[in-house]
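Visitor: sharing a model prediction with you, sequence too.
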Amino acid sequence: MLLSDTACRNAKPKAKPYKKADGGGLYLQVMPNGSRYWRLKYRIEGKEKRLSFGVYPETTLSDARERRDAARKLLAAGSDPGSVKRDVELKSVVSSANTFELVAREWHANNLEKWTPTYGQDIIHRLESDILPQLGKRPISHITPIQLLDAVRRIEKRGAHEMAHRTMQYCEQIFRYAVVTERAERNPAADLKGALRPVKHAHYPALEPHELGEFVRALERNDARLFVQTRLAIRFLLLTFVRTGELIGALWDEFDLDRNEWIIPAARMKMGRPHVVPLAHQTVSILDELLTLNSASQYVFPSVAKPRQHMSNNTILKALERLGYKGRMTGHGFRALAMTTIKENLRYPHDVIDRQLAHAPRSRVAAAYDRSQFLDQRRDMMQSWADYSDTIGT
């Protein structure tokens, strides 16, 4: 049976890689981490070979079929499509003069299989946002330490010191890859040790419980004239208090509305374990409204500017600033706010709240003995929290 886009999109990971065939040797390989790769199996000169066509959904089912048909035409003419592909790729590398962007994207593609999909997307998004506009078109062998430092310091000047250090690490790995593949002779990042300001780890700004009512009223008034989707995202974050990255990457197929649950897969969780978020009826109402806005996207919170991508983490932060909470609240701050308010005002036990926050056990002993999920208590707590937020905001 031929594949459909729905079947590709809904292909769930299993303990071991498995294949979903489309015909003509084309199949979708589903990996345990949720990544999905297009492959073509073919034979030439009595030997079985495989050809990679890209990652789903970036490479669509239609795209994969077109590439399969093109490869089979080459086979019919007596050519090995794998060899042809390698020749084309080699010519492309030579003709593009080995720019930083080309090497960076090659390094990224080579590492995709060992990263979670979310982590891989975050890396390429950071490079595309902050580094490629400055260095992307330059020959990688000509980039100097001061040029690299200038590009990364632009991130630092925004106050994003930890992101600046992380981006420098990505660049160091890209240059190291360029050296071992003989596209550069040296790694300029190696000369920049200590050039960035050290990261000062501090608690995320968060509102106090007595400030919650005014925040809910400000969000409802929307004097900042936020997009409907942005305002709903903040309200959803308040009610679920998940991590911001877990929110913005939410997919429609993660939600079980028959059970009023959001099951975040392990690949998208910080601790690498699936997490159940019980949904209050207010939260489900937000999802109903979002479905009318974003039903065409796989993401619950797609980017307004780039609908095929999810909302940016910066969207939440900038929206909170426009609401008048700059320096007082962040997306991550909703977790601290919920923990304090639910414990002090709703009187739920710390362990129940902690489990809803998906925190790691404090020790190996705790991990071994504490397997309770408190799901019934958490379901009751999440509804109480949503009701409390409604009441205090009136």
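Guide: Nice, thanks for sending it over.

Visitor: going by C-alpha atoms from here, please, whenever you check contacts or count neighbours.
Guide: OK.

Visitor: and the end-to-end length of stretch 16-32?
Guide: 6 Å (C-alpha to C-alpha, to the nearest Å).

Visitor: pull out the buried residues from that stretch.
Guide: 18, 19, 20, 21, 22, 26, 27, 28, 29, 30, 31 (16 or more other C-alpha atoms under 10 Å).

Visitor: test my guess that the last one contacts residue 11.
Guide: Same thing as residue 31. No - counting by C-alpha atoms under 8 Å, residue 31 does not reach residue 11; the two are 10.0 Å apart.

Visitor: still on that earlier bit, of the buried residues of stretch 16-32, which belong to strands?
Guide: In this view, the buried residues of stretch 16-32 that belong to strands under DSSP state E are 18, 19, 20, 21, 22, 26, 27, 28, 29, 30.

Visitor: and these as TSV, adding distance to residue 199?
Guide: Listed next are these as TSV, based on distance: C-alpha to C-alpha, whole Å:
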residue	distance to residue 199
18	43
19	44
20	46
21	49
22	50
26	48
27	46
28	42
29	40
30	38
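
Visitor: quick check, nearest of those residues to residue 160?
Guide: residue 30 (35.7 Å; C-alpha to C-alpha).

Visitor: surely the closest one meets residue 18?
Guide: Yes - counting by C-alpha under 8 Å, residue 30 touches residue 18, with 5.5 Å between them.

Visitor: which stretches of the stretch 51-200 of the chain form helices?
Guide: 61-76, 81-95, 100-111, 117-126, 132-135, 145-157, 161-180 (DSSP state H, counting those that start in this stretch).

Visitor: looking at these, which is nearest to residue 301?
Guide: helix 117-126 (14.8 Å).

Visitor: contacts for the helix or strand residue 287 falls within?
Guide: Per DSSP states H and E: residue 287 is located in helix 281-294. Residues outside helix 281-294 that contact it (C-alpha atoms under 8 Å, 6 or more residues apart in numbering): 229, 232, 236, 239, 257, 260, 300, 301, 302, 383, 386.

Visitor: what residues of it count as buried?
Guide: For helix 281-294, by 16+ other C-alpha under 10 Å, it's 282, 283, 284, 287, 290, 294.

Visitor: then stretch 204-213?
Guide: So for stretch 204-213, counting by 16+ other C-alpha under 10 Å, buried means 205, 206, 207, 209, 212, 213.

Visitor: share the number of residues neighbouring residue 135, please.
Guide: Residues within reach of residue 135, counting by other C-alpha atoms under 10 Å, total 18.

Visitor: before we move on, back to that, which members of the contacts of helix 281-294 are the farthest-apart pair?
Guide: 302 and 383 (26.2 Å).

Visitor: tell me which of the two has more neighbours.
Guide: Neighbour totals were compared for residue 302 and residue 383, and residue 302 leads with 23 against 18 (other C-alpha under 10 Å).

Visitor: give the closest residue to the more buried one in space, chain neighbours not counted.
Guide: residue 310 (4.0 Å; C-alpha to C-alpha, 6 or more residues apart in numbering).

Visitor: the one you found contacts residue 297, correct?
Guide: No - the pair residue 310 and residue 297 fails to qualify as a contact (C-alpha under 8 Å) at a distance of 9.1 Å.

Visitor: if we can go back for a sec, can I get the buried residues of helix 281-294 in a markdown table including distance to residue 345 and pLDDT?
Guide: Converted to a markdown table, the buried residues of helix 281-294 look like this (distance: C-alpha to C-alpha, whole Å; pLDDT from 0 to 100):
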| residue | distance to residue 345 | pLDDT |
| --- | --- | --- |
| 282 | 20 | 96 |
| 283 | 21 | 97 |
| 284 | 24 | 97 |
| 287 | 27 | 96 |
| 290 | 30 | 94 |
| 294 | 35 | 88 |
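
Visitor: out of those residues, who's nearest residue 136?
Guide: Closest to residue 136, out of all of the buried residues of helix 281-294 and judged by C-alpha to C-alpha, is residue 294, at 32.7 Å.

Visitor: quick check: that closest one vs residue 304, distance?
Guide: Taken as C-alpha to C-alpha, the span from residue 294 to residue 304 is 10 Å.

Visitor: over to residue 292?
Guide: 15 Å.

Visitor: about what we covered before: pick out the most distant pair among the buried residues of stretch 16-32.
Guide: 22 and 31 (17.0 Å).

Visitor: which residues touch residue 301?
Guide: Contacts of residue 301 by C-alpha under 8 Å, 6+ apart are 229, 233, 247, 248, 249, 250, 290, 294, 310, 311.

Visitor: again, only this time at 10 Å
Guide: 229-230, 232-233, 247-252, 290-291, 293-294, 307, 309-312 (C-alpha atoms under 10 Å, 6 or more residues apart in numbering).

Visitor: quick check, pLDDT for it.
Guide: pLDDT for residue 301: 95.

Visitor: same check, this time on the one 3 residues further on
Guide: In this prediction, residue 304 carries a pLDDT score of 85.

Visitor: what's the helix or strand for it?
Guide: Judged by DSSP H and E, residue 304 forms part of no helix or strand.

Visitor: touching, it and residue 297? I think so.
Guide: No - counting by C-alpha atoms under 10 Å, residue 304 does not reach residue 297; the two are 11.1 Å apart.
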